[in-house]
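K.L.:
Got a predicted model here, sequence first, then my questions.
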Amino acid sequence: MRPSLQLRMGQHLTMTPQLQQAIKLLQLSTLDLQQEIQEALDSNPLLEVDESAPADEVNDNFDKDSAEKPTSLSDGSEDSTPTQDEISTVEALNQQDIPEELSVDTTWDESFSAGTSNTGIKSAPDDDYSYQGETSESIHDHLTWQMELTPFSDNDRAIATAIIDAIDDSGYLTVTVEDILQSMGDDEIELDEVEAVLKRIHMFDPIGVGAQSISDCLRIQLDQFCADTPFIEEAKLVVCEHIDLLGNRDFRTIMRKTKLKEPQLKEVMQLIHSLNPRPGDAIVTSDEQYIVPDVSVFKKNGRWVVELNPDTAPKLGINQQYASLTQGGSSADNQFVRSHLQEAKWFIKSLESRNDTLLKVSNCIVQRQNAFFEHGPEAMRPMVLNDIAEAVEMHESTISRVTTQKYMHTPRGIFELKYFFSSHVSTETGGECSSTAIRAIIKKLVDAEIASKPLSDSKMATLLAEQGINVARRTVAKYRESLGIPPSNQRKSLI
C-alpha cells in the first residue's frame, strides 16, 4: 500500500461547550439548577447576582401554601443523548448574536437578561416557597426519654434498653423475649423479669408499643378502655382470635363464629377502627418532599395565563468592574478576564434560553389541555410528546427534557408537566379518551361506591362502557392499582 491523499465529504455531529451547557441546563430540576448557578457563581468572578432587582410583594397566585407535594408523577425514562434535531432546536434558541466585548459604559442588562421575561410575578428574595419541616424524633429517642423518667432498677433499665433497641419504627418488637434474655448475657436475669419490663413498656406512649404482633398491639390498646365500654369484650375476641378474618374483611365468617349480628359487628368494628395498628407512626413522621413550582397558571380576563416563577433562580448579571479590566492590563490578565466574561455571557444566555423554552412548552400544554383547567382531570385530552414538539417546532427529546422534574402550579394543585401527557383509549363514538381521564373516573366511582358493596373491576368496566369508554377488566385493574386503590374485597367495610 502506498500513501495517498483523498478528499471526502461527510457530516458529523459536533457539540460545542455552549450547546452542551444549554442542553444540560434545559433538563435540570429547580434544585439542581440552583446548585449549578451557585457553582457558576463560585467559579466565575465576572458572574454575580443582580441585587438591584425589585423585591416587591409576590403575586397572590404564588403563596407559601402552594409549596405542596405533587399530585401526580410520571416516569420519564427517555434517552439522555441529544440528537441532531435537538441540537438544532437549542441553536435556534440562541440565534441572538452576542458581541465579543461590551463597552465599558454599557451594562449587560441593556443587551441580555437571564430574568424571567413576560411575567407579571415580581420576585421576592425574602420569600421562600420551600418548606422547612421540623426535625422528627425517632421512636427510640421517645421511648428512651420515657424510660429515664420511669423508676427502674439497674437490671430493669438494662432490659428496657435492650427492648427499646429492638423496636422498629412501626412500634413493634422485632425479636422474641427469649432472644432479649439471651442477649443480656446475665445468668441472674430471668425470663419473667424481661416479660415484666416489656409489659411496662407497653404502657409507654404510644400505648401498644413493643407488641410482637398486630393482635397483641390491638389487645393492649383495648385493655386501656373502661371495662363497661360497650362491646369491649367482643372487640377483644375479634382481635385475639379472628385477626386473619378481620384482615381479609370476611365479615360473614366473623359473624358466624362470634354469633354477632350485623348491627353488633358494626359497633365492634367502630371500636376497633379507633385503635392504631401502627403506634410508632404517631412518633416517627416521614420527611415530606416539598417542591417549588416552575410556572404558574391562573385565569385572567377569561383566559388562562402562564407565567414563570422568578424565585426558582436568582437574576444574574456581569460584574462591570471586572469586565472593564479588558481595556487595560497585561495580555495574560486580559485573556483571563475575556475568557471568564465569555463564559458568563453564555451561561446567562443559556438560562434565558431555558426560560423561553419552558414558557413556550407550558403555554402550549395549557392551550391543548384547556378543558382540564376548566373541568378537572375527567376532561383531560390524550396528548403525547410529539404533539407538543410539532406545535412548538422542537425535537421530541427537547420536550422530554423540558417537562421532566418541572412543575406547574394551577388552581387544581401542583402537577409535573409530564402529568399532562397520557395515552388514549378509543370510545364507541370513534373519539379518544385520555388514560388520565379514565383514572379520574375510576377514582370517582370508588369514592361514590357503597362501603358494604364495593364495585368490582368488572362492574367498573361495565359502568365505563355505559359512558362510551370500552376498556377491559384487566385495564381497569391496572389503572386502579396505579391509583393505589385496593381491590374490592379489601375495600369492603361495615361502617
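P.N.:
Nice, thanks for sending it over. Numbering: from 1, shown residues only.
K.L.:
CA atoms for contacts and neighbours, from now on please.
P.N.:
OK.
K.L.:
what about residue 29, neighbour count?
P.N.:
20 (other CA atoms under 10 Å).
K.L.:
which residues touch it?
P.N.:
404, 405, 406 (CA atoms under 8 Å, 6 or more residues apart in numbering).
K.L.:
now those in a markdown table, with neighbour count?
P.N.:
Below are these laid out as a markdown table (neighbours: other CA atoms under 10 Å):
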| residue | neighbour count |
| --- | --- |
| 404 | 22 |
| 405 | 22 |
| 406 | 22 |
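K.L.:
And these, which is closest to residue 270?
P.N.:
Nearest to residue 270 among these is residue 405, at 42.4 Å by CA to CA.
K.L.:
Now the closest one: which helix or strand?
P.N.:
Secondary structure assigned from DSSP states H and E places residue 405 in neither a helix nor a strand.
K.L.:
separation between it and residue 36?
P.N.:
15 Å (CA to CA, to the nearest Å).
K.L.:
Show me the domain layout of this structure.
P.N.:
Domain ranges of the chain: 20-50+64-120+291-417, 139-282, 423-491, per automatic domain parsing.
K.L.:
Downstream of the lowest-mean-pLDDT helix or strand in the chain, the next helix or strand is which one?
P.N.:
In the chain, the helix or strand scored least confidently by mean pLDDT, DSSP states H and E is helix 84-93, which has a mean of 51. Heading C-terminal from helix 84-93, the first helix or strand you meet, by DSSP H and E, is helix 139-148.
K.L.:
helices or strands up against that next one?
P.N.:
helix 154-165 (3 or more CA pairs under 8 Å, 6 or more residues apart in numbering; DSSP states H and E).
K.L.:
same question for the next helix or strand after the helix it packs on, mean pLDDT?
P.N.:
Next helix or strand after helix 154-165 toward the C-terminus (DSSP H and E): helix 177-184. When pLDDT is averaged along helix 177-184, the result is 90.
K.L.:
need the next SSE after helix 177-184, C-terminal direction.
P.N.:
Next along from helix 177-184, by DSSP H and E: helix 191-202.
K.L.:
Show residues contacting that next one.
P.N.:
156, 159-160, 163, 177-178, 180-181, 208-211, 220.
K.L.:
and what of stretch 454-464?
P.N.:
Under CA under 8 Å, 6+ apart, the answer for stretch 454-464 is 442, 445-446, 449, 470-474, 476-477, 487-489, 491-492.
K.L.:
switch the cut-off to 10 Å
P.N.:
438, 441-442, 445-449, 465-478, 480, 487-493 (CA atoms under 10 Å, 6 or more residues apart in numbering).
K.L.:
circling back to that earlier point, just the buried members of the contacts of helix 191-202?
P.N.:
For these, a burial check counting by 16 or more other CA atoms under 10 Å picks out 156, 159, 160, 163, 177, 180, 181, 208, 209, 210, 211, 220.
K.L.:
Could you work out the most separated pair of those?
P.N.:
181 and 220 (22.3 Å).
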